[in-house]
Every structure is written in structure tokens, then in C-alpha cells.
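1. Provided below for reference: sequence and predicted model.
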Amino acid sequence: QVQLVESGGGSVQAGGSLRLSCAISGNTYNTYCMGWFRQAPGQERVWLAYIHSATFTNYADSVKGRFTISQDNAKNTLYLEMNSLKPEGTAMYYCALRRWSCQASVSTYNFWGQGTQVTVSS
């Protein structure tokens, strides 16, 4: 079993920055992918970014150039650095683990954290 715990959410003005963290524990797999997602009220959960082997990254067009995903294996922690935040970025943010390879599909991730709230005011 894998446990994921997000932190670092909060309230920020448009144009500001936040860094989210996701603590990873339990029996992770030899090969896995870590992703960040967000879900606004009344909307579906959407993929933002993923990272594989702490090296290969990919981003949704909506956050490319503004968000950076990274992973520190020594600390068993996943990060999401968010810059130039927009009011439409107000949502609950989740980290998730997917066995083996990376995909952007929400439904293919095996383990999820409880989420951390980000509120961006205009």
C-alpha cells in the first residue's frame, strides 16, 4: 500500500507563487509515475503534470512554463512549484501514483492523496 500526503496549499493573489509537497510512503513500486492533478468545485479532476524516474516530465498546456514538477527521492517527496498563478487555478490539488509508466488519464492512477486547497484571488 502507498500513502500520499499533500501540503503547502493556501491563499495567494493572482500572479503569486506556491510550492506544493507530497510525502510518499509505503510500498512504492520499482517503476512508477507521480502526477499532480487539480479539481475545481463542480468540475472534473484534471491532470497538470507528471514525472517518471525523477527525471522525465510532461505538463498540461494550461500550466506549461508556469508550473514545475520535481521529485526528491532521498526525501521521498514530490513537489509542484507554481508561478504566475491565475484565479482559475483555485482548486483542490492532488498528487497520485501510477504503476509503471506515465499517462495523463486520471482514472489510471492507483493511489491518491487527500488533497490540499489552493485559492487564487484576483
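-> Ah, there it is. Numbering: from 1, shown residues only.

2. quick one: terminal-to-terminal distance for stretch 77-87?
-> 27 Å (C-alpha to C-alpha, to the nearest Å).

3. Tell me which residues of that stretch come out buried.
-> For stretch 77-87, a neighbour-count test (16 or more other C-beta atoms under 10 Å) marks 77, 78, 79, 80, 82, 85 as buried. (C-beta placed from N, C-alpha, C; glycine too.)

4. which residues touch it?
-> Identification of contacts with stretch 77-87 by C-beta atoms under 8 Å, 6 or more residues apart in numbering yields 12, 14-24, 34, 36, 48-49, 51, 63, 66-72, 89, 93, 95, 118, 120-122.

5. before we move on, back to that, quick check, nearest of the buried residues of stretch 77-87 to residue 56?
-> Residue 56 lies nearest to residue 78 out of these, by C-beta to C-beta, at 13.9 Å.

6. Please list all residues in contact with the most centrally placed residue in the chain.
-> By C-alpha atoms, centre = their mean, the mean C-alpha position of the chain lies nearest to residue 36, the distance being 2.1 Å. Counting by C-beta under 8 Å, 6+ apart, residue 36 touches 20, 22, 47-50, 67, 69, 78, 80, 93-96.

7. Spatially, which two of those residues are the most separated?
-> Largest separation among those by C-beta to C-beta: 67 and 96, giving 15.6 Å.

8. Tell me which of the two has more neighbours.
-> residue 96 (23 against 20; other C-beta atoms under 10 Å).

9. so what's that one up against?
-> The neighbours of residue 96, taking C-beta under 8 Å, 6+ apart as the test, are 4, 34, 35, 36, 37, 109, 110, 111, 112, 113.

10. Quick one, which of the residues you listed are buried?
-> 4, 34, 35, 36, 37, 109, 111, 112, 113.

11. Output those in TSV; the columns should cover pLDDT, secondary structure and distance to residue 103.
-> Formatted as TSV, these follow (pLDDT from 0 to 100; DSSP: H, G, I helix; E, B strand; the rest coil; distance: C-beta to C-beta, whole Å):
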residue	pLDDT	secondary structure	distance to residue 103
4	98	strand	17
34	97	strand	12
35	98	strand	9
36	98	strand	14
37	98	strand	12
109	97	coil	8
111	96	strand	15
112	98	strand	15
113	98	coil	18
